[in-house]
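> Just a sequence and a predicted model for now, questions to come.
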Amino acid sequence: MVLVGRRKRSGEEGMQLQIGKYEIGRTLGEGNFGKVKYAKDVQTGHPFAVKILEKTRIKNLNFSDQIKREIATLKILKHPNVVRLHEVLASKTKIYMILEYVNGGELFETIASKGKLPESDGRKLFQQLIDGVSYCHDKGVYHRDLKLENVLVDAKGGIKISDFGLSALPQHLRDDGLLHTTCGSPNYVAPEILNNRGYDGATSDTWSCGVILYVILTGYLPFDDRNLAVLYQKIFKGDVQMPKWLPSGAKNLIKRILDPNPKTRITMAEIKVDEWFNQDYTPAVFYEEDDDVHIDDEVISLPEAPTDSEKVPESPTHINAFELIGMSSCLDLSGFFEKEDVSERKVRFTSTCSPRKLLERIADTASQMGFGVQKKNGKLKMLQDCKGQRKTCNLSIIAEVFEINTSLYVVELRKTSGECSVYRQLCDKVLKDLEVSRSQENLAAKLLEES
């Protein structure tokens with residue numbers, strides 16, 4: 001276990017935290033579980049980035065498996081185009097991942113500020129991306145969340161692949177030799193992942209690399225729409241609009257990568273012999289050192305995620321991509337079959353609170369409003385007898401939580417019978433108590449942000 005030093009003065013300007021031999025400085029970024037800060041080895045002065053993870057948050061969000069996976073993945077990856085993990089330290093409350101410091105920011109920021117890159121510059125970055133990703137595949141690692149935000153740029157213009165939190169290793173393959181977890185970012189996700197029938201991690205990563213190449217050379221996404229259903233339809237068709245000014249060699253390669261059929265999609269090996277790709281191509285030269293990554297024993301003591309047999313009955317329902325699309329207002333067709341407006345019968349919102357807490361707080365709110373609450377199979381049924389008013393309403397509402405991933409949930413409040421005004425009052429109070437928005441656009445935006 002690492003000993004966290006006292007805060008010590010840095011000149012006259014304030015205090016610095018020291019963890020082991022590392023002095024911690026400014027914040028570089030923030031994530032779901034903590035912050036990424038600048039760090040310096042006090043003995044050598046060498047810069048690092050330290051990812052500081054809160055153990056309680058990891059435990060509350062049931063994310064220990066993902067953290068362990070990221071550490072296990074980075075431990076075996078030693079390539080010039082992949083962010084390097086140097087060591088992992090821990091205290092009773094935090095985990096400190098000491099990572100290679102990349103000072104050029106995200107590739108996303110580069111494109112956002114400069115727009116599309118010149119062909120030669122874009123090709124060079126893409127060559128490095130393919131070098132890094134194909135190396136990961138050779139090691140049995142599939143990233144599964146490749147996007148501009150997860151590609152960092154160093155001071156020399158080189159790229160470093162980062163954020164392996166959703167990566168998969170050989171042991172995650174099922175008996176059919178495929179991966180089955182629906183994950184990734186909507187604009188970059190391969191169509192076979194959305195099919196929910198299993199997919200090859202290498203071919204899906206290849207698709208994401210094609211999306212990145214398109215953005216590098218054009219300045220915008222090949223598949224984009226605020227409406228998730230429309231976005232996924234575009235991805236399934238794989239119908240990419242190629243600008244006329246795009247070089248023919250790049251067009252041909254992008255078309256072969258963004259092939260919606262994974263069986264005929266170009267492979268990493270084939271990309272490396274493509275004529276456009278090979279112009280001025282110098283494969284990465286490196287030597288894999290034998291040095292091992294030091295990991296504190298305290299890290300291994302992270303709480304294990306419960307197995308399916310251990311999960312409590314209130315565990316949220318998992319939903320696949322198509323069910324998720326159906327939860328968007330754009331594809332909710334129920335309004336065509338009933339006179340009542342959809343918004344009068346069903347409200348959905350996103351939350352990062354645990355399912356148990358969400359249902360408890362909804363039950364409390366309903367009880368305060370005079371509803372009788374029944375809890376069964378992870379759902380809440382709320383009943384209210386409106387006798388005494390002008391008419392009997394016998395209002396019945398169902399609350400259910402769906403899991404998008406282990407840190408994001410969709411809550412649905414569904415009226416099954418009764419009068420609308422009291423139902424709306426309950427929904428408004430629940431939304432106010434939980435400090436969330438009712439907007440369906442908020443749901444889509446949140447899903448895009450968190451994916």
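Sure thing, it's come through.
> C-alpha from now on. contacts and neighbour counts both.
Fine.
> Give the residue spans of the chain that score low on pLDDT.
Across the chain, the stretches falling below the confidence threshold (pLDDT under 70) are 1-16, 31-33, 61-63, 164-184, 196, 287-345, 385-393, 403-408, 436-451.
> how is the protein carved up into domains?
Following automatic domain parsing, one finds the domains of the chain at 8-101, 107-166+175-278, 317-450.
> And the helices in the stretch 101-250 of the chain?
107-114, 119-138, 191-194, 201-218, 228-237, 248-257 (DSSP state H, counting those that start in this stretch).
> where's Val88, which helix or strand?
According to DSSP states H and E, Val88 maps onto strand 85-90.
> so what secondary structure elements neighbour that strand?
Applying 3 or more C-alpha pairs under 8 Å, 6 or more residues apart in numbering; DSSP states H and E, one finds that strand 85-90 makes contact with strand 94-100, strand 294-295, helix 297-300.
> Put together TSV for the domains of the chain, with distance to Phe286 and mean neighbour count on each row.
Rendered in TSV, the data for the domains of the chain read as follows (distance: least, C-alpha to C-alpha, whole Å; neighbours: other C-alpha atoms under 10 Å):
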stretch	distance to Phe286	mean neighbour count
domain 8-101	7	18
domain 107-166+175-278	11	19
domain 317-450	35	16
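> Pretty sure Ala269 sits in a strand.
No: under DSSP: H, G, I helix; E, B strand; the rest coil, Ala269 sits outside any strand and is assigned helix.
> Adjacent strands (with direction) for the helix or strand harbouring Glu412?
Following DSSP H and E, the helix or strand that holds Glu412 is strand 408-417. When sheet partners are counted by DSSP bridges, strand 408-417 sits next to strand 346-351 (antiparallel), strand 395-405 (antiparallel).
> ranges for the helices of the stretch 301-450 of the chain?
Along the stretch 301-450 of the chain, the stretches classed as helices by DSSP H, counting those that start in this stretch are 321-326, 355-368, 420-434, 440-450.
> now the strands paired with strand 408-417 in TSV, with distance to Val36?
What follows is these, written out as TSV (distance: least, C-alpha to C-alpha, whole Å):
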stretch	distance to Val36
strand 346-351	23
strand 395-405	22
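> Which among those strands is found nearest to Asp259?
Set against Asp259 and scored by C-alpha to C-alpha, the strands paired with strand 408-417 come closest in strand 395-405, at 26.7 Å.
> Would you mind measuring from the residue lying closest to Leu85 once chain neighbours are set aside to Leu434?
If you skip the residues right next to it in sequence, Leu85 has Leu99 as its closest partner in space, 4.6 Å away by C-alpha to C-alpha, 6 or more residues apart in numbering. Taking C-alpha to C-alpha, to the nearest Å as the criterion, Leu99 is separated from Leu434 by 36 Å.
> wait, what's in contact with the residue lying closest to Asp163 once chain neighbours are set aside?
Excluding the flanking residues, the one nearest Asp163 by C-alpha to C-alpha, 6+ apart is Asn150, at 6.0 Å. With C-alpha atoms under 8 Å, 6 or more residues apart in numbering as the criterion, the residues that contact Asn150 are Glu106, Leu107, Ile161, Ser162, Asp163.
> what's the distance between Asn150 and Ala284?
Separation of Asn150 from Ala284 (C-alpha to C-alpha): 20 Å.
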